[in-house]
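Novice: this is a predicted model, with the sequence first.
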Amino acid sequence: MSLPLELVITTGEPAGIGPEIALAAAKQFLQENDAVSITLLGDPSLFKAIEQKKPLPWSEQLRLEPISLKTPASAGQLNPENAPYVLSMLDHALAGCLSGRFGAMITAPIQKSILNQAGIPFSGHTEYLAQQCHCSQVVMMLCANIPAGILGLARSNPLRVALATTHLPIQEVPAALHRETLVKTIDILQQDLQTWFAIEQPRIAVAGLNPHAGEGGYLGQEEITIIAPAILAAQQKGIAVTGPIPADALFNPRNLSAYDVFLAMYHDQGLAPFKFAAFGSGVNVTLGLPIIRTSVDHGTALNLAGQGLADASSMLEALRLAFQLAQQRAQNKSHASRP
């Protein structure tokens with residue numbers, strides 16, 4: 001049987017829940033889709049405990065491609081010696097995506113602190129993949145579907161939250177905001193929402209940085225000197241972008257239907273409301289890369305590892321979105337090749 005699309009999952013921190021949620025989500029996803037195969041990357045020893053309870057369903061559609069640990073891993077116990085193993089999985093998956101073998105990569109959570117403890121400067125998947133792909137700028141965006149009834153919504157609504165800065169200490173955020181990079185961020189949102197999400201004219205809402213979006217300069221100057229000029233420049237390019245909007249008024253039911261994506265200035269400004277509304281069902285997608293990459297919206301959950309208690313819902317949604325985006329890319333290529 002020849003399968004037209006192959007997805008790859010990096011199983012993440014070996015002491016965390018990554019291996020078990022990757023396997024559980026892959027099995028569930030393959031019950032929904034038979035025209036796809038999934039390759040898990042990881043050390044076979046991480047799946048032995050699962051295999052002791054029931055035989056693992058390895059097949060042509062679900063394969064484990066071995067990546068060897070540097071030292072044996074124990075559930076819930078971090079070991080910096082395995083930091084290179086984590087990066088080996090990412091590098092292998094990325095190479096496969098760039099070569100065309102894999103249609104998309106899905107990443108299980110990793111422990112950033114243990115990588116840094118091992119002497120490897122690492123601030124996140126998003127930044128690492130951008131560096132490896134030689135991309136000067138990428139955008140981290142979280143996606144979820146908010147069901148009807150939540151926040152009084154009459155029907156379900158997509159929620160997409162993008163970040164102007166990612167994994168930075170709060171005190172470094174203002175200095176990291178620049179008019180040019182904000183314009184590029186808005187450009188990437190416009191282009192990738194059109195290309196991958198098939199949204200013809202994305203509507204983008206931009207948050208302010210300061211309380212009340214600076215209140216005319218009394219509570220900060222960034223809205224006047226950086227954010228508003230970037231929005232104006234993007235509008236002059238024909239992009240449907242609005243702001244700066246006070247962050248405390250940005251996420252409301254009316255705006256959910258009025259905008260296709262919200263651009264927050266820093267990590268918790270965007271992800272705190274996102275995870276309140278959609279924790280466990282959200283998906284992290286990196287825009288601006290030459291490949292498709294999605295991930296879960298949570299961490300390694302070391303306290304749950306190895307107990308069979310981990311919820312694979314976010315990993316399943318990450319697989320679903322990766323598959324959807326890969327299908328859209330294939331459709332785009334098909335249209336582009338027609339005379």
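Specialist: In hand now; what should we look at? These figures come from a predicted structure and were not determined experimentally.

Novice: by mean pLDDT, flag the weakest helix or strand of this structure.
Specialist: Taking mean pLDDT, DSSP states H and E as the measure, the helix or strand of the chain with the lowest value is helix 48-53, at a mean of 72.

Novice: strand partners of the next helix or strand after it, parallel vs antiparallel please.
Specialist: Going down the chain from helix 48-53, the next helix or strand is strand 62-66, by DSSP states H and E. Looking at strand 62-66 with DSSP bridges, its paired strands and their directions are strand 37-42 (parallel).

Novice: average pLDDT for the partner strand?
Specialist: Average pLDDT, strand 37-42: 97.

Novice: contacts for the lengthiest helix in the chain?
Specialist: With secondary structure taken from DSSP state H, the chain has its longest helix at helix 313-337. The set of residues external to helix 313-337 that reach it, using C-beta atoms under 8 Å, 6 or more residues apart in numbering, is 5, 7, 9, 21-22, 24-26, 28-29, 32-33, 36, 38, 103-106, 108, 143-144, 195-198, 280-285, 292-298. C-beta here means a position set from N, CA and C on the backbone, and glycine is covered the same way.

Novice: just want the angle from it to strand 37-42.
Specialist: Our comparison of helix 313-337 with strand 37-42, counting by axes from the mean of the first three to the mean of the last three C-alpha atoms, to 10 degrees, yields an angle of 130 degrees.

Novice: any idea of the mean pLDDT in helix 313-337?
Specialist: Averaged across helix 313-337, the pLDDT comes to 86.

Novice: for the stretch 151-300 of the chain, what spans make up the helices?
Specialist: Counting by DSSP state H, counting those that start in this stretch, one finds helices in the stretch 151-300 of the chain at the ranges 173-176, 179-195, 222, 228-236, 247-250, 253-258, 267-278.

Novice: for Pro57, find the nearest of these.
Specialist: helix 267-278 (29.4 Å; C-beta to C-beta).

Novice: so which elements touch that closest one?
Specialist: Contacting helix 267-278 under the criterion 3 or more C-beta pairs under 8 Å, 6 or more residues apart in numbering; DSSP states H and E are the following elements: strand 139-146, strand 157-163, strand 261-264.

Novice: just the ones you listed: most buried one?
Specialist: Compared across the helices and strands packed on helix 267-278, strand 261-264 shows the largest average neighbour count, a mean of 27 (mean count of other C-beta atoms under 10 Å).

Novice: which residues sit against that strand?
Specialist: Judged by C-beta under 8 Å, 6+ apart, the contacts made with strand 261-264 from elsewhere in the structure are 141, 159-164, 185-186, 189, 193, 202-207, 243, 247, 250-251, 255, 270-271.

Novice: quick one: buried ones out of those residues?
Specialist: Among the contacts of strand 261-264, the ones that count as buried by 16 or more other C-beta atoms under 10 Å are 141, 159-164, 185-186, 189, 193, 202-207, 243, 247, 250-251, 255, 270-271.
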